[in-house]
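K.L.:
I would like the atomic coordinates for the input below:
(4 chains)
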Number of protein chains: 2
Amino acid sequence: MSEQAETFRERKRRMVQADLVAVAKELFVSQGYEATTVEQIAAGVGMSERTFFRYFPSKEALVLGRYEDLAASLSAALAARPADEPVWVSLRRAFDDLVAESDAEAEAGRTRGMRAVVESTDALRAGYLARMERVRESVAEVLAGRLAEPAPASGSTPASADAAPLAPSTAPAVVGAAFSCLSVAYSVVTRDGGSLAAALDAAMGAVASAASAGITDPARTLPDA
Amino acid sequence: MSEQAETFRERKRRMVQADLVAVAKELFVSQGYEATTVEQIAAGVGMSERTFFRYFPSKEALVLGRYEDLAASLSAALAARPADEPVWVSLRRAFDDLVAESDAEAEAGRTRGMRAVVESTDALRAGYLARMERVRESVAEVLAGRLAEPAPASGSTPASADAAPLAPSTAPAVVGAAFSCLSVAYSVVTRDGGSLAAALDAAMGAVASAASAGITDPARTLPDA
DNA sequence: CTCCGTTTTGTCAGTCAATGACATAAACGC
DNA sequence: GCGTTTATGTCATTGACTGACAAAACGGAG
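P.N.:
Sure, this is the predicted structure:
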């Protein structure tokens, strides 16, 4: 009852959703997001306006759907990194799946138009940022968990020592900084092209370089005055 | 004709705006943002709904108005920092005005309710993030300009050398990381209380510590594999 | 004070996104 | 075929927002 039959309905549902997205994309690209009404999109696939809202909770959701998956996969990726790896490296590695996906999309040319629509529409940019912030919170929890661990089990601290233990409460800030790099990297790729990996490495490297130059004592915070 | 008279009108206008904000705040706190209609706010000060929109372009703008000022003041603050100061320190210093303002507000107890309203309303959080991103872009331009300068004029590089020159194109990422710290610090203060300065120092110190631990070569980016 | 031009405001009508209620048509299990 | 979900259409409504227009309120010139 909840295996094949459901799957069939869901498949159909996804088909219709994909159809709506395709129609909407064309309209958005040609007329802009705001100037396109839900009625037009619905008419484009031959359904009523009311039914549109049974497939997407909002016009915005058609463009920016599902970030729960992203939160889950990034959290899992980070959790899979070894606990003794430097945090900044772990975060960079957690983004690897996204990088691969982005490169694949770049070749296929898919979702290219949509990204531009998002970039150029204030309401969509806002929605995107809000969703990414929830993802950030989710990932930050994972990092906080890792930082809360008492200490690397056996006497380890192998290569590049984490000099300062890094309080768990600082996880949101660290993850936020990494996400900021990711966001910037996406912008760069959308605007100038190139690989996401390169853009990400450049961004995260720059932050590492800039931030570490602000440390006077090794592994102590900034001067107070 | 465009000196005192205009100022008088503008003063009156600001009075009415402040009045609207005060009434709206009460309603938002007691009923929530979404559940409060513009009509209620307008009625609260005895004006028509239409006139409300002559004072604020949107319900959201009543809560999140004017971030152009913030962009300008942060940009100016950053521009005023010495060019040979480590970038991360300059950014922290650029936030000093905000820190002072926040502490002052904390004592006065002003705008406390509003911040909570923003934190607890999705639409407002999104709008806030979008505005902050524009601020970030503005500040990043200033930093990019500073990084583009050929070199510290005379033979300087005084205290803690900026080992890697830091390409101007990485400015958005670095500023984004700093803003992320600011944002987290605000959240912490709103939630747990305490001084913004302490929260900011903790956040930025943590990022510096975490990111610098990810550098293997001095001042080179991350390993590629 | 009165008249005139500017500004502010209220009223009205309309658009668009989103939601609830209800009825009907289609699909599924038996 | 029949009853039960499930999908869809229709209708009505709310709430943010906008344009158009007319009625005040204001501020100065005579």
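K.L.:
how close does the residue nearest to A:Lys59 when sequence neighbours are not counted sit to A:Pro86?
P.N.:
Among residues not flanking A:Lys59 along the chain, A:Val38 sits closest, at 5.5 Å (Cβ to Cβ, 6 or more residues apart in numbering or on different chains). Placement of C-beta: from N, CA and C, glycine included. Distance, A:Val38 to A:Pro86, by Cβ to Cβ, to the nearest Å: 48 Å.
K.L.:
go on, A:Ser120?
P.N.:
Following Cβ to Cβ, the distance that separates A:Ser120 from A:Pro86 is 37 Å.
K.L.:
more neighbours: these two, which one.
P.N.:
A count of neighbours by other Cβ atoms under 10 Å in any protein chain shown puts A:Pro86 above the other of A:Ser120 and A:Pro86, at 22 against 12.
K.L.:
now the helices for chain A?
P.N.:
Under the criterion DSSP state H, chain A contains helices at A:4-31, A:38-45, A:49-55, A:59-63, A:68-79, A:87-94, A:96-108, A:112-120, A:122-148, A:171-192, A:196-212.
K.L.:
nearest to B:Arg115, out of the ones you listed?
P.N.:
Smallest distance to B:Arg115 across those (Cβ to Cβ): 15.9 Å, for helix A:122-148.
K.L.:
so which residue is smack in the middle of chain A?
P.N.:
A:Met132 (5.6 Å; Cα atoms, centre = their mean).
K.L.:
the closest residue to it other than its chain neighbours: what's it in contact with?
P.N.:
Sequence neighbours aside, A:Phe179 is the residue nearest to A:Met132 in space, at 6.5 Å (criterion: Cβ to Cβ, 6+ apart). When contacts are counted by Cβ atoms under 8 Å, 6 or more residues apart in numbering or on different chains, A:Phe179 touches A:Met132, A:Val135, A:Arg136, A:Val139, B:Ser180.
K.L.:
repeat the analysis, applying 10 Å as the threshold.
P.N.:
By Cβ atoms under 10 Å, 6 or more residues apart in numbering or on different chains, the contact set of A:Phe179 is A:74, A:91, A:95, A:132-133, A:135-136, A:139-140, A:172, B:176-177, B:180.
K.L.:
if you rank the residues you listed by neighbours, which is first?
P.N.:
When neighbours are counted by other Cβ under 10 Å, B:Ala177 leads the contacts of A:Phe179 with 32 neighbours.
K.L.:
for that one, which non-adjacent residue is closest in space?
P.N.:
In space, B:Ala177 is closest to A:Ala177, 3.7 Å off (Cβ to Cβ, 6+ apart).
K.L.:
so that neighbour touches B:Ser209, yeah?
P.N.:
No - counting by Cβ atoms under 10 Å, A:Ala177 does not reach B:Ser209; the two are 11.3 Å apart.
K.L.:
what is in contact with these two at once?
P.N.:
Contact criterion Cβ under 10 Å, 6+ apart; residues shared by A:Ala177 and B:Ser209: A:Trp88, A:Ala211.
K.L.:
can you give me the distance of A:Val45 to A:Glu119?
P.N.:
Counting by Cβ to Cβ, the separation of A:Val45 from A:Glu119 is 25 Å.
K.L.:
ok, now A:Ala22?
P.N.:
Note on A:Ala22: its distance to A:Glu119, by Cβ to Cβ, is 20 Å.
K.L.:
A:Glu34 now?
P.N.:
14 Å.
K.L.:
one more: A:Leu196?
P.N.:
Distance, A:Leu196 to A:Glu119, by Cβ to Cβ: 15 Å.
K.L.:
ok, now A:Val142?
P.N.:
A:Val142 is 29 Å from A:Glu119, where distance means Cβ to Cβ.
K.L.:
same drill for the two, tell me which one is more crowded.
P.N.:
Between A:Val142 and A:Glu119, counting by other Cβ under 10 Å, A:Val142 is the more crowded of the two (21 against 14).
K.L.:
show the pLDDT at that one.
P.N.:
With respect to pLDDT, A:Val142 has a value of 97.
K.L.:
what's the spacing between it and DNA strand D?
P.N.:
Here the criterion is Cβ to the nearest atom of the strand, to the nearest Å. By it, A:Val142 lies 35 Å from DNA strand D.
K.L.:
what's the answer for A:Phe52, then?
P.N.:
Taking Cβ to the nearest atom of the strand as the measure, A:Phe52 falls 8 Å from DNA strand D.
K.L.:
find the nearest non-adjacent residue to A:Ile41, please.
P.N.:
Computed as Cβ to Cβ, 6+ apart, the closest residue to A:Ile41 that is not its neighbour in sequence is A:Ala24, at 4.7 Å.
K.L.:
doesn't A:Ala61 make contact with that neighbour?
P.N.:
No - using Cβ under 10 Å, A:Ala24 is not in contact with A:Ala61, being 11.1 Å away.
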